[in-house]
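**Q** just coords:
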């Protein structure tokens, strides 16, 4: 079995996990202003869906964007700097965690508004048919988006015009632990989310969002179909919500991920069940060499620690730059 | 000389922009609305079937289409048909397109045009008669164009389609569709935005006007000239950019000002312009400013009711008489 894509996927998952853990440490130390959303538990989807991505593709993400950006090749230093409001952030500190855009890797804008990005993803997909045929849009959103009207307008046009777009609905609400502070999951009368795009004749499937190899195969196939002119595809990925994911202020309960948990060492009580049954980092590791994972992991931990340290030391944007409406204000390094 | 209607000028701008820049694409093609002028736009659709597209009837979705296509390198215009329908599209116009460049630190520019057929148009009633320019002026990040003449309808749309780097809300007015102007040199009509035009020189009072209110002001000025009141008329042409220098210079000469705009009165365009004038030139004013706007009621349907709320030339005459008394 060729484990190369699996190992690359796993590397991306580790980078996302260690990025988010370091962010939670920054938040616990009081460095983060405002609320933010954590991608822990969903890493396999970003890693797999973006692995077949090409440089000309366009990515739309949402308020929970850190994992998508890391998987797409975003610079952790500029992401931390943006989350910390520094002038060196991707948006010069104007967007913050839920609005990180990174045009240099094909993320033109990130809407923090539920349903905000899907109509634009359709427009970008239309534009790609004219500007860069063969390039596609990959658009991530949460299950709650089906409570907004925007998605119904957008998927109608996407389907009618057979636009080259991969719609990835990350349903992270299934079996949410009924602990204090846990979210309600999405409220829709549809029994299956896939029934909705299917009603617009968009081929739609559901897959386990913690299953890395299954998603690698699925997304590779779907991306090839879309690139070949097959029109849009819809995927619902379902994951079990990580226990540390609180409504607005997530916490690193149970401490950082330990690779020893892969080998069977018991995780701390509050995350034990979730880790054993639902953590994609544990579930995907079986086919890989643990020593190779440890080697990767050590490098990734250092990378994220360095990136965070660098961002913390960066300057704030100048107050005057708040009034620069168009163009790039001082300090933007793009 | 070629006599061109306001509606033809809009169609001509679309045609020229499509010819000049392959990034231009048209989403929705009902610019002429339910008027006979729609034939110009139907012809455009026939001539450019791959670039003049009719998407589903989805204002929010279509404004998102334009915003997304602009974000990755195209120059779309989205026809919202009636200006009142922009409320269906607010999330994309106000919370997305207008914010993208600033919020992303300048990484992405969004040169999309949102076309709205605005104003009190005869029998539009409360849900087809809005003039949303004040609400959209309260949204940083949008350019606002309100052409009053065929040449400006052409020039401002050409600028928005071919040169502007920001999203533009472009307000046409169906009552102006039949207005004609001799246009032989289209190139000369391509004025930069942010340059107000003095359409009538006068010494006694300045009338600052937008869109349909410019021609009403001209008729009011003719009436007032018979009473030996000499009006100067400033056609703003664009609210963003705002040409405050031309306004202030005129007010400094006349010392009196009436502002005429078809928005509703409260927190309207006229209120903002009067605030800007008084902040910077209160000492030049010899009388309290007056505004001529639509009163704060939804626009009614029945002809006598509708006529009662239209800010017409008689109301401008009255306002001028008040400031010159």
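**A** Perfect, thanks for sending it. Given the structure is predicted, the values throughout are model-derived calculations rather than measurements.
**Q** Every contact and neighbour count from this point should use C-alpha atoms.
**A** Fine.
**Q** So what's the residue count around residue 244?
**A** This is for chain A. 20 (other Cα atoms under 10 Å in any protein chain shown).
**Q** my bad, the chain I had in mind was chain B
**A** Counted by other Cα under 10 Å, the residues lying close to residue B:244 total 18.
**Q** if I pick it, what's in contact with it?
**A** residue B:276 (Cα atoms under 8 Å, 6 or more residues apart in numbering or on different chains).
**Q** try 10 Å this time
**A** Contacts for residue B:244 (Cα atoms under 10 Å, 6 or more residues apart in numbering or on different chains) come out as B:194-196, B:236, B:250, B:273, B:276-277, B:280.
**Q** what are the ranges of the helices in the stretch 51-200 of chain B?
**A** For the stretch 51-200 of chain B, the helices defined by DSSP state H, counting those that start in this stretch occupy B:59-71, B:90-92, B:98-103, B:133-137, B:150-162.
**Q** returning to what we had before: and the contacts of residue B:244, which are buried?
**A** The neighbour-count test (16 or more other Cα atoms under 10 Å in any protein chain shown) marks B:194-196, B:236, B:250, B:273, B:277 as buried among the contacts of residue B:244.
**Q** surely residue A:119 meets residue B:62?
**A** Yes - taking contacts as Cα atoms under 10 Å, residue A:119 lies within contact range of residue B:62: 7.3 Å.
**Q** Quick check: neighbours shared by these two?
**A** Counting by Cα under 10 Å, 6+ apart, the contacts common to residue A:119 and residue B:62 are A:153-154, A:157, B:68, B:92.
**Q** Just send those residues back as CSV, with neighbour count too.
**A** Formatted as CSV, these follow (neighbours: other Cα atoms under 10 Å in any protein chain shown):
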residue, neighbour count
A:153, 20
A:154, 26
A:157, 24
B:68, 32
B:92, 28
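**Q** just the residues you listed now: which is nearest residue A:137?
**A** residue B:68 (10.8 Å; Cα to Cα).
**Q** What about residue A:295, how many residues nearby?
**A** Using other Cα under 10 Å, residue A:295 has 10 neighbouring residues.
**Q** can you confirm residue A:302 is in a helix?
**A** Yes - assessed by DSSP: H, G, I helix; E, B strand; the rest coil, residue A:302 belongs to a helix.
**Q** before we move on, back to that, do you know which of the helices of the stretch 51-200 of chain B lies nearest chain A?
**A** helix B:59-71 (3.6 Å; Cα to the nearest Cα).
**Q** Pull out the buried positions in that closest one.
**A** The neighbour-count check on helix B:59-71 (16+ other Cα under 10 Å) flags B:59-71 as buried.
**Q** near chain A, from the buried ones among the contacts of residue B:244?
**A** Among these, proximity to chain A is found for none (Cα under 10 Å from any Cα of the partner chain).
**Q** okay, the residues you listed in TSV with pLDDT next?
**A** Below are the buried ones among the contacts of residue B:244 laid out as TSV (pLDDT from 0 to 100):
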residue	pLDDT
B:194	95
B:195	96
B:196	98
B:236	98
B:250	98
B:273	98
B:277	98
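**Q** ok, these vs residue B:162, which is closest?
**A** Checking the buried ones among the contacts of residue B:244 against residue B:162 with Cα to Cα, the nearest one is residue B:194 at 16.2 Å.
**Q** now, which of the shared contacts of residue A:119 and residue B:62 sits nearest residue B:189?
**A** Of all the shared contacts of residue A:119 and residue B:62, residue B:189 sits closest to residue B:68, with 29.7 Å by Cα to Cα.
**Q** nearest residue to that closest one other than its sequence neighbours?
**A** Of all residues beyond its chain neighbours, the one nearest residue B:68 is residue A:120 (3.8 Å), with distances taken as Cα to Cα, 6 or more residues apart in numbering or on different chains.
**Q** what about that neighbour, how many neighbours?
**A** By other Cα under 10 Å, the residues close to residue A:120 number 32.
**Q** All set now, cheers.
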